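just coords:
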């Protein structure tokens, strides 16, 4: 007899998206731009202007870039290079890891070319960062770098072809938080080895790559080296074997050490039967494995060959894709009532995996359902938020009414001797439950990844925290028997800690725009735990702690982030001040040196 | 006007009885001749039943049609008779049977005519009537009731009343003259001064002309310092500095006004004395004051002041207001005696309050009552501002419809202070224990009073249901001060010692001097005593003797209070109410005096600190009802027990967390109401010991996590209210054992997502009120198990009424 039942998702649109991308020509234009990069520009990047779009192209191959040998999978902490913001970290502050080879290449370009200056000129334009192979990873890093500048009116996008995985779940989380995931589009051929390559540790791929990379370079027309056919095919077999071992571990969730890398952004899988796009990172990871599976009747060495050759064959593939997509609307032996499931089946057919592949099917179904659930949850919360506004209004009215009676609402609530105090306590608990629920949902990942950076929720949460937390503090002070401070561990409600963190993170991304100072005192003190600090200061027996509080109050006054209600006659703050100033006045220099004393004596808040 | 339907029915029943009784007696006689084993004893019973019926029908004939409460009690007796007759039906011969059936039908009709209207429904319609009255009067003002007017604290109320256009226009004309700075609006009480002042506040021209309009009620016993501080805050818009005294504040405010020189209108409502006014009048450019008062002489006479006598209503306006109160429409209805209506209306002399009160007192009354009222009114002195008595005489006719008991009940209303909403339970207790009414009758009286505009009732949603169980704790009443004055006037006819009621009309610092003058150890005759003071210490009380007192109502605003020592002399005391009006809780000493009062039936305590009397409550053997509101200090009470309590109310008790031991030793308790106690996490685990409980209210206990399993033992429980228990996640499976449960209120239990399977076994359940989520589950239960169930789904309602409680 449970009440909440989620509606199942209605559609899966991966194929339509692929269709759109394939027909809008930017993919083909981007690929052609890559092919045009000449050998002598290999160290740098290329700008091509086409109509109102600027393509920024990164070169494909550097032997040394492929292999970064300092760590098992070639990963390194992005923070070590100070070119990315501090905000590029996980929700739980874990470090963001990226592939060292790609990062170094990007740094190299940044330092040794006019990249920065050129980018400066590109303000207010549509930019597409493009890269093939390892250059794709560089292009992705460049896109992140550019997005973090948060230029207004500029529109950037990233297209890669056969790019390896370049970042871990943390960086994916950070990008998702900003709602940038949609700006990355990775085109992957069905058998192309490179996108899966870094799921295997570097030592298992380094050696074969030595043989294969020159082959690719000559294929792309960068070098003209002759590679022996025999060593090539052996290298192909080894690398495919090694990579397959790792992808199947990942796809089947076998225990063991996993590569840190995860797919970031939209992946467009292409095959001779069509193409489809997928967004869910976990599902893409599985598809990277399932789509490379050997098909019956095709010998292993032939597949190994395809794995290598497809990496440089994106041109042919893109040209044939229109036709393939036209033919891709059919599948065999699949019966379902759900348009959503049929959509998934079609997608699987289109990327050449086949609708019969249960593993792939369920991976996609699960991903679609999870995404749908996130959206539904957001909708529900929207409705709840607007319902809860009435509780917020109750709190506001209560605050106003208490102000009229010359006691701040904090102190009135702490005394708790009017019926309205009881009523507002109901509103307080209601709001607390509501935000607890949101925080819990966010932490359980059942909300969209950018939920906590949405202005609506940041603002609603901040207003709630500033208005509601003083009541939580008052409630704690009134009912707590253990004499525990509100600020000590485990007392302050988790929701407030989290909401404050969300706000701070958001503010960091806003710093570029500059923060205007206040001209009037805030209607709600910006520091929502002001009263808890006050209670601590009241209890504190040592002078330095009290003086620290004085300094803290004075900072709040100077940047006007304190509410004038604090200075109401009956407020706890005034009581503290009377006691404190009595003691301090015994030392004569305090009177002249304390700015707060002056302020309070002149009642300068009026 | 109203046909005496019940009389017709009585005659019919009487005729039937007259023909039936001889026939049955005949049967009896022949029955007795039969051998013993063939005799039919029910027949003999039947004779006596019928004779009782005949008596009852005679009584019914004699009661007046508008004595609602009397009718109720007869109705229930008739119902009982009818059931008895029905029980005998099987054992009587066929030729009598058809007659008996006719009789039953007749009795049934009579019962329907007399039957107590469904109490909660009565209340509902009454409140709706009140609301529609308000709506008609307000017309368009709702749209204007925006935040601005709230913020400047202008009460948003009645903007349009009959015949207000002209006075509003006149007053505006005066205010717009540049040389006028003070306008005194005067007329007698109930003349509509406040209504006019409110209309001025909301007038669009006034709002345009003045930058700010402020409304302040001064009243009979004002705290001038608080008022002038409020004025400062409203005018200056900043926090007030510390004023030494009223004079200082006035001077500073004056300076502020000079420097601001804004156009401000200040309305001082209900000013009583010149001394008060002088402290509050300020002259400054652009600043104007409107004063409303009953006494024009308090307004100083000079070139910048004007007096405006609010005229009584003209004929047409008076008639429409009167008709609205009497008939619910603004003109004389076609079926009414137009002349009589006009005559009665004319006796009200255009005084709005009189029109309204007398109009509603005659609402739905028969011709006789109307003509009686007309005669009484024309005999009395005419209404004029010089003679308050004239007004009272006029208003007195509005209570003529009351019998002696009803009149006593009306006079009891003056026990409670003006301008304060009081819980209806307090009043009902007095009427039950002292006036000896049945609870239902007392309640009907309350509703009747409200319908006749003798008092105003305010209810909160959900209160209707509890009324069927003899509890009106969510219902509050208040009175127009003139109606209260009337009650005091009528109650104060005798000398102090002989008065049946001893009231303090308004709050004073200590007891009135004249009470002390009567000392001489002469016992007071008062049955009802009401005292309203500030802080009291033991020595401030006079030595007084109240051997007859049955009701003691003590109001005070203080943080310390000593219970009057003369409480000990009140050996007959049945009802005590101790109510602190201060914003903080008070400590009361001398409470142990209560424990010597053996006759005490009901105790109500409001806003007190750790009532020590609770520990000694066992001594008061006869105590039926105990109510505590806004009290604190439960941590100090270790045991609490009174095995005789019938009703136990705890409301807004902020620190109730642990239950005192033995609290559930109340085998005869019928009503338990624990509401708004926010720290209560669990209920006493022996809750099931309350075996007689019919009503259990556990409303607004947000911390409550679970019910004790013993709740299943409450076999008599009919009404369960768990509304606004936000912490409750599930109901115990034992709830299915509540076989008598009829009504279940579970609004706003947002965490509650499922129902225990056992709810299907609640076969007596008739009515569930809940929110949408859980409502779907109840509808499923209804569909498959309890077809009679009525499920009402409500959304939480938001008001700001609670701000002013």
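That came through fine. Values in this document were obtained by computation on a predicted structure and should not be read as measured data.

centroid-nearest residue for chain B?
Nearest to the geometric centre of chain B sits residue B:477, at 3.1 Å (C-alpha atoms, centre = their mean).

give the contact list for the closest residue to it other than its chain neighbours.
Leaving out its chain neighbours, the residue that sits closest to residue B:477 by C-beta to C-beta, 6 or more residues apart in numbering or on different chains is residue B:455, at 4.9 Å. No exception for glycine: its C-beta is placed from N, CA and C like everyone else's. Neighbouring residues of residue B:455 by C-beta atoms under 8 Å, 6 or more residues apart in numbering or on different chains: B:413, B:446, B:449, B:477, B:478, B:479, B:483.

now do the contacts for the first one.
Applying C-beta under 8 Å, 6+ apart to residue B:413 gives the contacts B:427, B:449, B:454, B:455, B:479, B:483, B:484, B:487.

and which of these is nearest residue B:193?
The closest of the contacts of residue B:413 to residue B:193 turns out to be residue B:483 (C-beta to C-beta; 16.0 Å).

which other helices and strands does the helix or strand harbouring that closest one contact?
Per DSSP states H and E: residue B:483 is located in helix B:481-491. Other helices and strands packing on helix B:481-491, by 3 or more C-beta pairs under 8 Å, 6 or more residues apart in numbering or on different chains; DSSP states H and E, are helix B:388-396, helix B:404-412.

who in chain A is up against chain B?
Contact residues, chain A versus chain B (C-beta under 8 Å from any C-beta of the partner chain): A:1-4, A:390, A:393-394, A:397-398, A:400-401, A:404-406, A:415-423, A:425-426, A:429-430, A:433, A:479, A:564, A:567-569, A:603, A:606.

distance between the helix holding residue B:483 and the chain's centre?
17 Å (C-alpha atoms, centre = their mean, to the nearest Å).

kindly report the same for stretch A:563-574.
41 Å.

before we move on, the earlier item: the residue nearest to the centre of chain B touches residue B:425, doesn't it?
No. The pair residue B:477 / residue B:425 is not scored as a contact, 10.4 Å apart, by C-beta atoms under 8 Å.

could you pick out the longest helix of chain A?
helix A:358-404 (DSSP state H).

quick one on the thing from earlier: could you tell me the least trusted of the helices and strands packed on helix B:481-491?
Of all the helices and strands packed on helix B:481-491, the minimum mean pLDDT falls on helix B:388-396 (a mean of 72).

pretty sure residue B:658 sits against residue B:635.
Yes. Between residue B:658 and residue B:635 there is a contact under C-beta under 8 Å: 7.0 Å.

re earlier: buried among the residues of chain A next to chain B? Make that a PyMOL selection.
Restricted to buried positions by 16 or more other C-beta atoms under 10 Å in any protein chain shown, the PyMOL selection for the residues of chain A next to chain B reads:
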select buried, chain A and resi 394+397+398+401+406+415+416+417+418+419+420+421+422+423+425+426+429+430+433+564+567+568
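
and stretch B:580-590, which residues are buried?
B:580, B:581, B:582, B:585, B:586, B:587, B:588, B:590.

which other helices and strands contact the longest helix seen in chain B?
For chain B, the helix reaching the highest residue count under DSSP H is reported as helix B:5-33. Of the remaining helices and strands, those touching helix B:5-33 by 3+ C-beta pairs under 8 Å, 6+ apart are helix B:41-62, helix B:94-114.

just put the ones you listed in JSON lines and tack on mean neighbour count and distance to chain A.
Shown next, in JSON lines, are the helices and strands packed on helix B:5-33 (neighbours: other C-beta atoms under 10 Å in any protein chain shown; distance: least, C-beta to the nearest C-beta, whole Å):
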{"stretch": "helix B:41-62", "mean neighbour count": "16", "distance to chain A": "45"}
{"stretch": "helix B:94-114", "mean neighbour count": "17", "distance to chain A": "40"}
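
want to throw those into JSON lines with mean pLDDT?
Shown next, in JSON lines, are the helices and strands packed on helix B:5-33 (pLDDT from 0 to 100):
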{"stretch": "helix B:41-62", "mean pLDDT": "74"}
{"stretch": "helix B:94-114", "mean pLDDT": "71"}
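
what's the pLDDT at residue 79?
Let's take chain A. 77.

that's the wrong chain, I wanted chain B
71.

okay, helices next: where are they in the stretch 251-400 of chain B?
Remark: helices assigned in the stretch 251-400 of chain B by DSSP state H, counting those that start in this stretch are B:274-280, B:315-327, B:338-347, B:352-361, B:367-379, B:388-396.

so which of these is the most packed in?
Highest mean neighbour count among these (mean count of other C-beta atoms under 10 Å in any protein chain shown): helix B:352-361, with a mean of 25.

can you pull out the strands in the stretch 101-250 of chain A?
A:126-132, A:155-161, A:167-168, A:184-189 (DSSP state E, counting those that start in this stretch).
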